[in-house]
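Student: Any chance you could fold what I've pasted below:
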Amino acid sequence: MKYSVWAIWVGGGAAAVFGSGWVSTAGHVVVWLTLAAHLVEFVVKRPLFERVGGSMGHHFLQTLIYGLFYWKPLEETASAAGE
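Tutor: Purely as a prediction, here's the structure:
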């Protein structure tokens, strides 16, 4: 499931670069909306990343690529551990 996000990134990017007309426009919209959503997710979930530790750069990159498929398991693990 986590890797299905790659289909969105690659599909949107390919449509933006190789498409023409509305296909290119749709590709740009998909890429920019995905990027915006994942940036918001990172800002909202930053306290979680600080709680679980590790490199903030790693958390940022993983959230940028995978979004909730990255942070949701971290959140479940942290809540199960009582943090």
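
Student: The helix or strand where residue 60 lies: which residues count as buried?
Tutor: Secondary structure assignment for residue 60, by DSSP states H and E: helix 56-66. Of all the residues in helix 56-66, those buried under the rule 16 or more other Cβ atoms under 10 Å are 59, 62, 63, 64, 65, 66. Any C-beta I mention is one placed from the backbone N, CA and C, and that applies to glycine too.

Student: any chance you could map the helices in this protein?
Tutor: 4-18, 22-52, 56-66, 68-80 (DSSP state H).

Student: could those helices go into JSON lines alongside mean pLDDT?
Tutor: Listed next are the helices of the chain as JSON lines, based on pLDDT from 0 to 100:
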{"stretch": "helix 4-18", "mean pLDDT": "95"}
{"stretch": "helix 22-52", "mean pLDDT": "96"}
{"stretch": "helix 56-66", "mean pLDDT": "96"}
{"stretch": "helix 68-80", "mean pLDDT": "92"}
